[in-house]
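Enquirer: with the sequence up front, the predicted model follows.
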Amino acid sequence: MHKALYAMMVLIGTATPVLSQATVAWSSCQTITGVTNQPVGSNILVSLSPGISGCSSQGVTGAITFSAAQLGLAASDLNGLLASSLSALGLGRQVLIAVDTSTPNCYATSVSVGGYNGQCP
């Protein structure tokens, strides 16, 4: 019993630093150049210009991914993110993206059309 409890505590202790390294921050103003809805994988790939430095989500330089089960997003959250991304693409409005750049996958949590303070044209 004690060995199992100890093993579980060690596992939790080693996983916690990995889980806590995700740091989400707002990008600079970006133009959405493409949106790929991937319903089977519950992903939305968003191509950006000039793109986010260090990001190559799904092999696309500068792109980000909204993904269910990443950074607390649920599959039900993706519809709103898809609608906002497509609206910005169709209107030609720039966006800010709340993104975790700690890995090249660059998972994102939010999109703000025009910027959260209106700072993007």
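Expert: Noted; the coordinates are in hand. Residues are numbered from 1 along each chain as shown.

Enquirer: helix or strand right after the longest strand anywhere in the chain?
Expert: Determined from DSSP state E, the single longest strand within the chain is strand 30-38. The helix or strand immediately downstream of strand 30-38 is strand 43-49, counting by DSSP states H and E.

Enquirer: which other helices and strands contact that following strand?
Expert: For strand 43-49, the packing partners by 3 or more CB pairs under 8 Å, 6 or more residues apart in numbering; DSSP states H and E come out as strand 30-38, strand 64-67, helix 78-91. C-beta coordinates here come from the backbone N, C-alpha and C atoms, glycine included.

Enquirer: which among these is found nearest to residue 99?
Expert: strand 64-67 (5.3 Å; CB to CB).

Enquirer: tell me the bridge partners for the residue nearest to the spatial centre of the chain.
Expert: When CA atoms, centre = their mean is applied to the chain, the residue found nearest the centroid is residue 108 (1.3 Å). In this entry, residue 108 is beta-bridged to residue 99, by DSSP bridges.

Enquirer: now it: how far from residue 93?
Expert: Applying CB to CB, to the nearest Å, the value for residue 108 to residue 93 is 17 Å.

Enquirer: which secondary element of the chain has the worst mean pLDDT?
Expert: For the chain, counting by mean pLDDT, DSSP states H and E, helix 2-19 ranks last in confidence among helices and strands (a mean of 41).

Enquirer: residues in contact with the very next helix or strand once past that helix: which ones?
Expert: For helix 2-19, the following helix or strand on the C-terminal side (DSSP H and E) is strand 24-26. In this structure, residues lying in contact with strand 24-26 by CB atoms under 8 Å, 6 or more residues apart in numbering are 71, 96-101, 108-109, 112, 116.
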